[in-house]
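# My questions are about this predicted structure, shown below with the sequence.
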Amino acid sequence: MENWQLVSVQILATSFDMVRTSSGLITMLQSLHEGCHERPLTVESCLQFINHHIRSDEGNQLRLRTKLRDIDVQVIKAAACGNKAIPAEALRSKMAADATYS
């Protein structure tokens, strides 16, 4: 039997404010593989870094992934089919902005 627990991580508004007023680059190191790349320091790039870290954990060795809910699967399918519902549009917009999907 597999044990797992879903935990949300809260990012304080002051953290976002600090990034918004900063300039420079963020270096994204791959968590389990060699290599790194730099991106401009923005709120979006910081969130992409977190997501990239989770995605690079092949085999879920760090136990950072969770199982998708049925509603999440429906939104992904709707986005793939060109559905105009707000959640599907939001997912397509996120994918267009995230370098991982391009």
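Looks like it arrived, so ask away. Numbering: from 1, shown residues only.

# The most centrally placed residue in the chain and Asn83: what is the separation?
When the chain is reduced to its mean C-alpha position, the closest residue under CA atoms, centre = their mean turns out to be Asn51, at 2.9 Å. Asn51 sits 23 Å away from Asn83 when distances are taken as CB to CB, to the nearest Å. Yep, even glycine has a C-beta here, placed from its N, CA and C like the rest.

# Have a look at this structure and report the helix or strand with the lowest mean pLDDT.
Within the chain, no helix or strand scores below strand 25-29, which has a mean of 73 by mean pLDDT, DSSP states H and E.

# next one: the helix or strand following it to chain centre, how far?
Using DSSP states H and E, the next helix or strand after strand 25-29 towards the C-terminus is strand 36-40. Offset of strand 36-40 from its chain centre (CA atoms, centre = their mean, to the nearest Å): 15 Å.

# so what are the domain limits for this structure?
Domains of the chain are assigned by automatic domain parsing as 9-65, 67-102.

# per-residue confidence averaged over the helix or strand harbouring Val19?
Following DSSP H and E, the helix or strand that holds Val19 is helix 13-20. Mean pLDDT, computed over helix 13-20, is 85.

# what comes up buried for it?
Residues of helix 13-20 classed as buried by neighbour count (16 or more other CB atoms under 10 Å): Val19.

# now Asp72: how far from Ala79?
Taken as CB to CB, the span from Asp72 to Ala79 is 11 Å.

# Which one of these two is surrounded by more residues?
For the pair Asp72 and Ala79, the greater number of neighbours falls to Ala79 (19 against 13), based on other CB atoms under 10 Å.

# does that one really touch Arg92, like I thought?
Yes. Ala79 is within contact range of Arg92, at 5.1 Å (criterion: CB atoms under 8 Å).
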